[in-house]
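J.: curious how this folds, go ahead:
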Amino acid sequence: MGCAISIAAASMLTEFVKGKKVVEIEKLKKDDIFKLLGVKVGPGRIRCATLALEAIKKGVKVYEEKNK
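T.: Numbers count the residues shown, from 1 in each chain. You can find the predicted model right below:
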């Protein structure tokens, strides 16, 4: 659940990272999310747009720690 920007960003990002290597995912930045969305994100909605990126990066970190 979330706002339209949050849901769209999460959907686009999950499709984008499929098949990518962990190092590629770790290099993703906020600007990459904005490019994926293809719309201008206002200052009040930046958190909405980048929430999925934070979640994926935390997931990658947990994955790496478990697989050392």
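J.: from here on, just use CA atoms for contacts and neighbour counts.
T.: Fine.
J.: tell me the contacts of Ile25?
T.: Val17, Lys57 (C-alpha atoms under 8 Å, 6 or more residues apart in numbering).
J.: how does it look with 6 Å?
T.: Residues in contact with Ile25, defined by C-alpha atoms under 6 Å, 6 or more residues apart in numbering, are absent; none qualify.
J.: so for the helix or strand containing it, what gets flagged as buried?
T.: Applying DSSP states H and E as the criterion places Ile25 in helix 22-26. Buried residues in helix 22-26, counted by 16 or more other C-alpha atoms under 10 Å: Ile25.
J.: return the distance of it from the chain's centre.
T.: 11 Å (C-alpha atoms, centre = their mean, to the nearest Å).
J.: how about stretch 29-37?
T.: For stretch 29-37, the distance to the chain centre is 8 Å (C-alpha atoms, centre = their mean).
J.: stretch 53-65 too?
T.: Using C-alpha atoms, centre = their mean, the offset of stretch 53-65 from its chain centre is 11 Å.
J.: pull it out as CSV, backbone CA atoms only.
T.: This file holds the C-alpha atoms of stretch 53-65, laid out as CSV (Å, rounded to 0.1, in the frame of the first residue of the first chain):
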residue,chain,number,x,y,z
LEU,A,53,15.2,1.9,-3.4
GLU,A,54,15.9,2.0,0.3
ALA,A,55,14.1,-1.3,0.8
ILE,A,56,15.9,-3.0,-2.0
LYS,A,57,19.3,-1.8,-0.8
LYS,A,58,18.5,-2.9,2.8
GLY,A,59,17.5,-6.3,1.4
VAL,A,60,20.7,-6.6,-0.5
LYS,A,61,22.7,-5.8,2.6
VAL,A,62,20.9,-8.5,4.6
TYR,A,63,21.4,-11.0,1.8
GLU,A,64,25.1,-10.2,1.6
GLU,A,65,25.5,-10.5,5.4
